[in-house]
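Engineer: sharing a sequence plus its predicted fold:
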Amino acid sequence: MEQEKTKKSFGLTLKNAFIALIQGELLLRLNIGKYFLHIVLVFALIAGAIWASLLIDKTMTIVENNNEAIEYQQYQMAVKTFRLEEITRRSAVEAGLGRLGSPVHENEMPATVIENDTK
Amino acid sequence: MEEQKKKRDRIGVILHTIYLLMLVASVVLLARIFYLQVIWKPDPRIERQLRQPVHKEELAPKRGNILASDGRILATSFPRYQLVIDPSVQKVDLSRLDSATRNKRENEWRSALHEFSIELASVCPQSSAQEYEKKILDARARGSQYLRLGKPVELEQYERLRGCELLKMGRNRGGVYTEEVATRRYPYGNLGLRTIGFVREPKPGVTNNYVGIDGKFDYILHGQDGVMYTKKTDDGFIRDYDSLYVEAIDGADVRTTLNIDYQDLADAVLRSQIQDNPEIEGGCCVIMEVETGAIRAMVNLKRDEKSGRLGEWENFAIGRRGEPGSVFKITTLMTALEDGIIKSLDDRIPTNHSVIPGYTFEEDKHITRDWEQAKHSYRVPIIFGVQKSSNYVFRYLALTNFESRPKEFIDRLYMYGLGTSFDFDIDGLKAPYIPSPDSPGWSKYDLGQIAMGYTVGVTPLHLITFYNAIANKGKMMKPYLIESIEKNGTVLQKRGPQILNAAICKTATADTLTRALESVTSKGGTGWRLGKAKCVVAGKTGTAYVYLEGKDGHRGGYKDELGRHKCQGTFVGYFPTENPQYSIICTIYSKLSSVDYYGGTIPAEVCRRVVDKIYDIDPYWNETL
């Protein structure tokens, strides 16, 4: 009995809503005007979110480009360090000096260290 | 009033009609959206273009470096650049333009291509500029979209190419881009390559793809792979923050004990001594710090069969187990001293024309000719046996004292660390072999053979570890190559010296052995070449014939059917004897030959030269003003 009553009232609400919709009075009857500010706010938020998302994408593109540049710089540093290591090889230094006609070569006796007694 | 009401009704009807039309339109719109979203399936090609593409990208971590003990880089990683071109770049866009603009743009691109081809040919001389240009234009005519250009180039070369107009135009207009090819680099070339190591791609027939330190510590050096999803924007690809992101963790650095200067000089000396002798298969030289067991240099040179060139193709020091010969005799002397069988090196044993009753061994001319005939004496001092490396003396000591209890003798060898393997810092350390009296095939001769370094099998690393223990007054240190694991200069894990055996012998025994080994390098000893070194070196020479496995119906033995043999010559010792700083071993391996390559010749000479060079540059010998 109670269920039938609820069904009837729901059907009536739908019917009234549809008639109001056709008559163009639905929003007025719902008194939607009092939520106008909320609607504007939601709209502004959505627009803001889209705009922020575009800005983020732009910023992230810059970040990615910078990351690539940093990585490239790191490679450059690695290459330069590598080249530096290559030329510090003891035998290569001596051979190079010999090729250039330098009389400088590996020491043939232990070094004499001058002690620092300024402490 | 009536008219005004009518007018208002008319406006109302119009507005109402507009409203109803808009309502219908919105219903249609909603229905259309529903249809497009749920029911309609677009053409996949259009769908691909419309949907924002998200790509999965594997993030490769930066591989850690391998460092020398002083922090110099031994192995590092940075990429080479493989140049790639999309030959059909702009082709579709140009087809939409009018012919005048199209021709102008096409000519611009071709002119840039011409300039690029010339520069490319100077960087990648595998083809000429004309060939490169033709190849690209042919591919463009075919409609190809991917073409690799030459071999991967170095960063410096890539930087030169970046100045070309075609690269400046960017990937979308010029069509050229690069693919990074990860490459492991060694600033010192092949120096110590078997020790520093490498990881190689699996190849058929090659089982060992993880070589040396780089291979063994791959799990530390490699780091952890990451994953990132990227999306396309108007300005290029960026990370998609709504998708999974796993950051790549770079590998840690491995600091080794290697002193690259010592490695360099040992390599140069060994190379100079064996390079011109094609009968030498190769050799190794290891320098170890006495106090800690840190390996400062590990050189392994093997001759390439075809080119005859020497290179680091095999790690002899840890991977070649062989009968060591006379360098093993010191174990017998150590046992005799420890057991009180002899009290001093001046103790004498009967010469007996180098015959041990009950055994048939070849005549030892050091006894019959160099002692009995020269000195007219029939009792020989032990130190003479050590100095001349007499087989008889050491066989005598073992057989007369341990004939009834050979197991005790063998157990001593295990105590000296010569029968056991240990966890080394690179893979491939061969376990030593010592026969047991319990094992089948044991004969009464074996004890005498072991006493002089035959029938046992050890690696050069085992031998230097044993001699290092003598230098260290009996304390046996574990040889090691890894000092620490580091990241950005911070030590994550400190590794260091480890004791294998706190005392393999008494200090007095070690001192006596040092005296014995000094006699070897003095005048008249088999290692006399070391007597000329800039500091006093104690050591022992050893020469062994390599056992040849039988094949094609021939029995195995120490000589082939033509009477040729292979030699393994070794010198092992330490210096300076008054306060040993370093141990050194050099072993050379000959090919089949009728020449004997003694430990007292090339290996002793290599060691002398290395000792002299270390003496000149090591701070230990510096004088202070």
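Structural biologist: Perfect, thanks for sending it.

Engineer: tally of neighbours for residue A:114?
Structural biologist: 8 (other CB atoms under 10 Å in any protein chain shown). All C-beta atoms are positioned from the backbone trio N, CA, C, and that covers glycine.

Engineer: list the buried residues of stretch B:422-441.
Structural biologist: The neighbour-count criterion (16 or more other CB atoms under 10 Å in any protein chain shown) identifies B:424-430, B:432, B:434-435 as the buried residues of stretch B:422-441.

Engineer: what sits against the closest residue to chain A within the stretch 401-550 of chain B?
Structural biologist: For the stretch 401-550 of chain B, the nearest residue to chain A under the criterion CB to the nearest CB is residue B:534, separated by 8.2 Å. Contact analysis of residue B:534 by CB atoms under 8 Å, 6 or more residues apart in numbering or on different chains lists B:611-612, B:615-616.

Engineer: so where's the chain uncertain?
Structural biologist: Here I'm looking at chain A. Scanning chain A for pLDDT under 70 picks out A:1, A:117-119.

Engineer: can you look at chain B instead?
Structural biologist: Under the criterion pLDDT under 70, the flagged ranges of chain B are B:1-5, B:7-8, B:52, B:552-555.

Engineer: can you list the domains in it?
Structural biologist: Chain B breaks down by automatic domain parsing into domains covering B:48-77+B:183-255, B:79-180, B:260-485+B:494-618.

Engineer: any chance of these in JSON lines, plus distance to residue B:624?
Structural biologist: Output for the domains of chain B, formatted as JSON lines (distance: least, CB to CB, whole Å):
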{"stretch": "domain B:48-77+B:183-255", "distance to residue B:624": "22"}
{"stretch": "domain B:79-180", "distance to residue B:624": "45"}
{"stretch": "domain B:260-485+B:494-618", "distance to residue B:624": "14"}
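
Engineer: any idea how far residue B:328 is from residue A:47?
Structural biologist: Distance of residue B:328 to residue A:47, given as CB to CB, to the nearest Å: 88 Å.

Engineer: pretty sure the residue of the stretch 401-550 of chain B closest to chain A sits in a strand.
Structural biologist: No: looking at residue B:534 with DSSP: H, G, I helix; E, B strand; the rest coil, it is coil, so not inside a strand.

Engineer: residues in contact with stretch B:154-165?
Structural biologist: The contact list for stretch B:154-165 (CB under 8 Å, 6+ apart) reads A:75-76, A:79, B:78, B:80-81, B:83, B:111-112, B:115-116, B:119-120, B:123, B:153, B:167-168, B:174, B:178.

Engineer: the domains of chain B: which one's closest to residue B:25?
Structural biologist: Checking those against residue B:25 by CB to CB gives domain B:48-77+B:183-255 as the closest, at 24.3 Å.

Engineer: chain center to the closest one, what's the gap?
Structural biologist: What separates the centre of domain B:48-77+B:183-255 from the centre of its chain is 17 Å, taken as CA atoms, centre = their mean, to the nearest Å.

Engineer: does it reach chain A?
Structural biologist: Yes: counting by CB under 8 Å from any CB of the partner chain, contacts between domain B:48-77+B:183-255 and chain A involve B:72-73, B:76-77, B:185, B:187-188, B:191, B:233, B:235-239, B:241.

Engineer: repeat that for stretch B:309-324.
Structural biologist: No: Stretch B:309-324 lies out of reach of chain A by CB under 8 Å from any CB, never closer than 14.6 Å.

Engineer: what does chain A put close to chain B?
Structural biologist: Neighbours of chain B within chain A, by CB under 8 Å from any CB: A:21-24, A:57-58, A:60-61, A:63-65, A:75-76, A:78-79, A:81-82, A:85-86, A:88-91, A:106-115.
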